[in-house]
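# sequence first, then the predicted structure:
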Amino acid sequence: MSTEPPVVVTGASGFIAKHVAGEFLKRGYSVRGTIRRLDKADAVRRAVTRLGCDPSALSFVAADLDSDVGWDDAVAGANIVVHMASPFPIAQPDDPDDVILPAREGTLRVLKAATRAHAKRLVLTSSSVAIFYGSGLPIGHIYSEDDFSDETRNDLTPYIKSKTIAEKAAWQFVKKTPGAPELAVINPAFVQGPALDDDLSTSHDLYRLMARGLYPAAPRIRFPVVDVRDVAAAHVEAALRPEAAGKRYLIGEGQLRLYELGRILARELPDLRSKVPKFELPDVAVRMLAVFDRRLRTILPELGAQKDYTNTRVRAGLGLNLRGSDEAVTAAVRSLRDLRLI
Ligand code: NDP
């Protein structure tokens, strides 16, 4: 066991956070997770045990992004804080502030507590959605860490805005606050790879919906994908490498269409062949249907959107050899099958 102070992981009950906690535990660190409901602690212990880790090196503090209570205790004595907690709903709320306020105010709460505790490094889990939705970019633009989404665009979902606003607030905070921890940011694409338990993230909920036959046809959208095991390794490297301070890392490997996700699901679970999307809907049909179906409005900005990007920085800068998107999705589907969730 390391004599290092514990690494703090906020939102430890989350899908990615459990893998991040496991990665730090494997490297000999102890981990202090924040959860808003302490009754989730046992599930997190079981999840890291499934990853082959010793759960006795894991402790918990209760803290909610909407309140100051608990954050000082959570980060006391820590050098490294990974701030990952943020609302990631599958359905967008009526009031955008339901996700924007916890994301922004929660990030600032954690940063302020980490500053008071003299933490050295804070790794923030932002998202590729804080990169891919700029304004006025030329056709064929290759996205990278130099790009920021424009949260004033009125076609963006509350979730996209929440991640963009929270990340910008974090950069602004460390710039203007003496004694703030060094900031490193991970911007993951759509995260796939194995689920560890039945507390599913939006990343995996999609398959449950597909398996129920809710998507007979798929809108023509494609998105960058990344495996959670690579995302976890990226967080650890960004926490430990001196040169990661002040940098963002866009992490994704390849892209998949929604339709292709369904194909992989049917390949791994042939019984679901009749349930997965059988064809792609023309964009014009999606736009017409969106007049009647609110859920479809969420994806209108995605229709025909190009998201070509470079992952050079994360590969070279953090020394990662990323798994391909087919491998990531296959691992996700197999884990859900093994957990009997689809
Ligand atoms: P999960 O929904 O599994 O995890 C979200 C975590 O945030 C949970 O632990 C949840 O706690 C916690 N949380 C939400 N609201 C609050 C709140 N008000 N106070 C305290 N904790 C809260 O999602 P993921 O693991 O997929 O996502 C983790 C992070 O990664 C998020 O920041 C997300 O935006 C980001 N991300 C995810 C991607 C993906 O494809 N999955 C892609 C890019 C970024 P509880 O268990 O109590 O609900």
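Here it is on my side, so go on.
# where in this protein is pLDDT low?
1-2, 294-295 (pLDDT under 70).
# for the ligand, give me its nearest residue in it.
Relative to the ligand, the nearest point of the chain is Gly14 (2.5 Å; C-beta to the nearest ligand atom). Heads up, the C-betas are built off the backbone N, CA and C, glycines and all.
# looks like that residue contacts Leu200 (just checking).
No - between Gly14 and Leu200 there is no contact under C-beta atoms under 8 Å: 10.5 Å.
# higher neighbour count, the two?
More neighbours surround Gly14 than the other of Gly14 and Leu200, with 23 against 17 (other C-beta atoms under 10 Å).
# and the stretch 151-300 of the chain, which residues reach the ligand?
Counting by C-beta under 6 Å from any ligand atom, the stretch 151-300 of the chain comes close to the ligand at Lys163, Pro188, Phe190, Val191, Ser201, Ser203.
# how close does Gly324 sit to His83?
Relative to His83, Gly324 is positioned 28 Å away (C-beta to C-beta, to the nearest Å).
# of those two, who's got more company?
Per other C-beta under 10 Å, whichever of Gly324 and His83 has more neighbours is His83, with 27 against 12.
# this structure: strands as residue ranges?
Secondary structure of the chain (DSSP state E): strands at 7-10, 31-35, 58-62, 80-83, 121-125, 182-188, 190-192, 217-219, 222-227, 248-251, 255-257, 279-281.
# identify the residues contacting the residue of the chain closest to the ligand.
Met84, Ala85, Phe88, Ser201 (C-beta atoms under 8 Å, 6 or more residues apart in numbering).
# ok, of the residues you listed, which one's closest to Val314?
Nearest to Val314, judged by C-beta to C-beta, of the contacts of Gly14 is Met84 at 17.0 Å.
# count of residues packed around the closest residue in space to the closest one that isn't next to it in sequence?
Spatial nearest neighbour of Met84, excluding adjacent residues (C-beta to C-beta, 6 or more residues apart in numbering): Thr125 at 4.2 Å. Thr125 has 29 neighbouring residues, counting by other C-beta under 10 Å.
# ok, now Gly246?
12.
# thinking it is in contact with Ala180, fair?
No - in this structure, Gly246 is not within contact of Ala180 by C-beta under 8 Å, at 11.5 Å.
# overlap in contacts, those two.
The contact lists of Gly246 and Ala180 share no entry, where a contact means C-beta under 8 Å, 6+ apart.
# quick one, what contacts the residue nearest to Met84?
By C-beta under 8 Å, 6+ apart, the neighbours of Thr125 are Ile16, Val82, His83, Met84, Ser86, Ile186, Pro188, His235.
# which one of the residues you listed sits in the busiest neighbourhood?
Going by other C-beta under 10 Å, Val82 tops the contacts of Thr125 with 32 neighbours.
# from memory that residue sits against His235, does it?
Yes - counting by C-beta under 8 Å, Val82 touches His235, with 5.6 Å between them.
# quick revisit: state the pair within the contacts of Gly14 that is farthest apart.
Comparing all pairs in the contacts of Gly14 by C-beta to C-beta, the longest separation belongs to Ala85 and Ser201, at 12.4 Å.
# between those two, tell me which one has more neighbours.
Taking neighbours as other C-beta under 10 Å, Ala85 and Ser201 compare with Ala85 leading, 26 against 17.
# give me the contact list for stretch 325-334.
192-195, 203-204, 207, 224-228, 253-256, 261, 264-265, 268-269, 342.
# buried subset of the residues you listed, written for PyMOL?
To isolate the buried members of the contacts of stretch 325-334 in PyMOL, using 16 or more other C-beta atoms under 10 Å:
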select buried, resi 192+193+194+195+203+204+207+224+225+226+227+228+253+254+255+256+261+264+265+268+269+342
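# if we can go back for a sec, just name the most buried of the strands of the chain.
Mean neighbour count, computed with mean count of other C-beta atoms under 10 Å, is highest for strand 7-10 among these, reaching a mean of 30.
# could you give the separation of it from the chain centroid?
15 Å (C-alpha atoms, centre = their mean, to the nearest Å).
# tell me if that strand is near the ligand.
No - using C-beta under 6 Å from any ligand atom, strand 7-10 never reaches the ligand; the gap is at least 7.0 Å.
# again, but for stretch 58-68
Yes - contact of stretch 58-68 with the ligand (C-beta under 6 Å from any ligand atom) involves Asp64, Leu65, Asp66.
# of these, keep whichever come out buried.
Asp64, Leu65.
# and which of the residues of stretch 58-68 next to the ligand is nearest to Arg153?
Using C-beta to C-beta, the residues of stretch 58-68 next to the ligand come closest to Arg153 at Leu65, 24.4 Å.
# mind listing what the closest one touches?
Leu65 touches Arg36, Ala85, Ser86, Pro102, Ala103, Glu105, Gly106, Arg109, counting by C-beta under 8 Å, 6+ apart.
# make a markdown table from these and add distance to the ligand to it.
What follows is those, written out as a markdown table (distance: C-beta to the nearest ligand atom, whole Å):
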| residue | distance to the ligand |
| --- | --- |
| Arg36 | 4 |
| Ala85 | 4 |
| Ser86 | 3 |
| Pro102 | 4 |
| Ala103 | 8 |
| Glu105 | 9 |
| Gly106 | 6 |
| Arg109 | 10 |
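# of those, which belong to helices?
Pro102, Ala103, Glu105, Gly106, Arg109 (DSSP state H).
# sweet, I'm off.
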